[in-house]
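Asker: turn this into a model:
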Amino acid sequence: MTVATPGRVLVFARAPEPGATKTRLIPALGAEGAARLSERLLRRTLDLAREFKVELWCTPSADHPAFARSQRVMNVVLKTQRGADLGLRMLAGLESALAEAPWALLIGTDCPELTAADLHQAAGWLEGGADAVLGPAADGGYYLIGLRRARSALFTGVSWGTERVLEQTRARLTAAGCRWQELPVRRDLDRPEDLNRFPWLRERGGLAC
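Answerer: Reported below is the predicted structural model:
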């Protein structure tokens, strides 16, 4: 059930298609196993956000059966990502959401350590007047960003996919005079060695190949 909140949670996700998703995990899981894990992480992320109004931003399109299942079961709004790179796609999604809502949180599906409490904490900070919220990732990126206003400087010219993303984002928030809060550092699941950090995924059969 959705709580009475005016904000949005945007979940960015790639269609769980074998060979096209979680490609760095294919050596450990195979193409089919990596795709199944991707869909499982998608379902888990949507479940964490179930008390919010959720927009599922899909790539390369919203036509994949996994997205249709998510819309039917989780009652999410499907959107298609648009933009030449990750930053521009994120900016477009946030601009769209913030045209209708006073704040928005944007998350991916790659952080098994993300909790519903993290989302509520971030929403509370934004509702309390913070300009932004960051969820720092252990690899130097971030697993969550929340804003009250879309700021193009946060998403253009950023070294996406490197350990500099968080550092650059903090510097740009400072330069813009923003007041922001940060959640605890969390770890993403991106590489085969990361699988050992999340044994509960194996215990529940999520990685069966």
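Asker: report the contact partners of the residue lying closest to Ala153 once chain neighbours are set aside.
Answerer: Excluding the flanking residues, the one nearest Ala153 by CB to CB, 6 or more residues apart in numbering is Arg172, at 5.0 Å. C-beta coordinates here come from the backbone N, C-alpha and C atoms, glycine included. Listed by CB atoms under 8 Å, 6 or more residues apart in numbering, the contact partners of Arg172 are Arg151, Ala153, Leu154.
Asker: who's in contact with the nearest residue to Leu86 once chain neighbours are set aside?
Answerer: Of all residues not flanking Leu86 in the chain, Trp160 sits nearest, at 4.9 Å (CB to CB, 6+ apart). By CB under 8 Å, 6+ apart, Trp160 lies in contact with Asp85, Leu86, Gly87.
Asker: same thing with Thr5?
Answerer: Counting by CB under 8 Å, 6+ apart, Thr5 makes contact with Glu51, Phe52, Lys53, Ala123, Glu127.
Asker: just to be sure, the residue nearest to Leu86 is in a helix?
Answerer: No. Under DSSP: H, G, I helix; E, B strand; the rest coil, Trp160 sits outside any helix and is assigned coil.
Asker: give me the number of residues near Ser159?
Answerer: By other CB atoms under 10 Å, the residues close to Ser159 number 13.
Asker: go ahead and confirm it touches Thr169.
Answerer: No. Look at Ser159 against Thr169 with CB atoms under 8 Å: they stay out of range, at 10.4 Å.
Asker: which strand or helix spans Glu167?
Answerer: Element membership for Glu167 (DSSP states H and E) is helix 165-175.
Asker: re the thing from before, pull out the buried members of the contacts of Thr5.
Answerer: Taking 16 or more other CB atoms under 10 Å as the criterion, what is buried in these is Glu51, Phe52, Lys53, Ala123.
Asker: re earlier: where neighbours are concerned, which of the contacts of Arg172 has the most?
Answerer: Most neighbours among the contacts of Arg172, by other CB under 10 Å: Leu154, with 22 neighbours.
Asker: just give the nearest non-adjacent residue to that one, would you?
Answerer: Nearest residue to Leu154, sequence neighbours excluded (CB to CB, 6+ apart): Arg172, at 5.5 Å.
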